[in-house]
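S.K.: Mind looking at a prediction? Sequence and model below.
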Amino acid sequence: MNDRKRGGKAADIVFLMDATRGMTGCIQTAKTCLPLFFEELTGRTAADYPIVGDWRAKVVGFRDFETDGTDGWFVDNPFTRDLAELQRQFDALEARGGGERDDSLLDAIYAVVSASRSKRGTEDPGMWRDCHDAARTLVVFADAPCKPAMVAPACRGGNVNVIACACERERVALTLVAPSSNAADYRCFEELAMIARTEYVEIPHDPSCSASPLNRFLDESRADLWIDVRELAQECQRKIVRLWHGLAYIDDTGD
């Protein structure tokens, strides 16, 4: 695995976005943050080549399987290397639907992590690249509590442990941007944060504010938003480098 030949380390990145009603502002702000995110993600080494060079990314939206049905709960897109196309994927993501309370976040994470992958040395915009060709990372933006067990047919009844096994099997690293788990309703995020290679960016609760936690975090008027976006990109970069080094070790040992 020669990352210099590739012009930096290769990575497939999925932005998994809460697309329920009330999330329009979050979706648009996330789109606005993309140029800064990728500027920070790619970076430059002392030898002046990008740390992450060969990236592909896509946007996936999720709602509630039971409320929105088979055709409406999960919105997928192809991977792209074009930042403008990635922004168009955000533009096309409609904030609607969702349950009265818990959403199908666990189902959505499982669907993304366990999605098809290309054969080694090939690529398809509808699939992950083989884990030897690119590091895989999933950035989750969640606002509502999630159901404690999956309800979609693909893994009905499965819990966080099933997702942890899938992440390990498929070598996917998670970054979770979600409300603080201090409130009992949000303990599911604490469980997800215990999965190996997961970074949990906790959004503090503010009972005095009418806006939801994710709406407060992705607020363009918030002074620290751009600092947080840079830190999020840096964390993703570290995950990609660690995954890449781990895969290089596997290649060297022949596993």
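M.R.: That came in fine, so what should we check first?
S.K.: The spatially most central residue of the chain in helix, strand or coil?
M.R.: The geometric centre of the chain, computed from its C-alpha atoms, lies nearest to Val139 (CA atoms, centre = their mean), at 1.9 Å. State at Val139, reduced to three classes by DSSP: H, G, I helix; E, B strand; the rest coil: strand.
S.K.: show me where this structure has helices.
M.R.: Assigned by DSSP state H, the chain shows helices spanning 24-42, 65-72, 83-92, 105-113, 160-170, 187-193, 213-217, 225-253.
S.K.: what packs against the fifth one?
M.R.: Contacts defined by 3 or more CB pairs under 8 Å, 6 or more residues apart in numbering; DSSP states H and E place helix 160-170 against helix 105-113, strand 172-179, helix 187-193. From N, CA and C alone the C-beta is placed, and that goes for glycine too.
S.K.: In CSV, list those along with distance to Ala92.
M.R.: Formatted as CSV, the entries for the helices and strands packed on helix 160-170 read as follows, by distance: least, CB to CB, whole Å:
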stretch, distance to Ala92
helix 105-113, 17
strand 172-179, 21
helix 187-193, 27
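S.K.: what about these, which gets the closest to Thr32?
M.R.: Go through these one by one with CB to CB and the one that ends up closest to Thr32 is strand 172-179, at 15.3 Å.
S.K.: Not counting the closest one itself, show me its contacts.
M.R.: Residues from elsewhere that reach strand 172-179 (CB atoms under 8 Å, 6 or more residues apart in numbering): 109, 112-113, 135-143, 166-167, 186, 189, 192-193, 195, 197-203, 205, 213-214, 217, 232, 235-236, 239-240, 242-243.
S.K.: 7 Å instead, please
M.R.: If you take CB atoms under 7 Å, 6 or more residues apart in numbering as the criterion, strand 172-179 is touched by 113, 136-142, 167, 186, 189, 192-193, 195, 197-201, 203, 205, 213, 217, 232, 235-236, 239, 243.
S.K.: Stretch 84-102 now?
M.R.: Under the criterion CB under 7 Å, 6+ apart, residues 17, 19-24, 27, 30-31, 34, 57-59, 61, 63-64, 66-68, 72, 75, 77, 80, 144-147 lie in contact with stretch 84-102.
S.K.: Of those residues, select the buried ones using a PyMOL command.
M.R.: Selecting the buried subset of these in PyMOL, with 16 or more other CB atoms under 10 Å as the burial test, is done by:
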select buried, resi 17+19+20+22+23+27+30+31+34+57+58+59+61+63+64+68+72+75+77+80+144+145+146+147
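S.K.: Just give me how far stretch 133-151 sits from the chain centre.
M.R.: Centroid displacement of stretch 133-151 relative to its chain, using CA atoms, centre = their mean, to the nearest Å, is 6 Å.
S.K.: what's the answer for stretch 59-77, then?
M.R.: Between the mean C-alpha point of stretch 59-77 and the mean C-alpha point of its chain there is a distance of 15 Å (CA atoms, centre = their mean).
S.K.: and if you look at stretch 151-163?
M.R.: Mean-position distance between stretch 151-163 and its chain equals 18 Å (CA atoms, centre = their mean).
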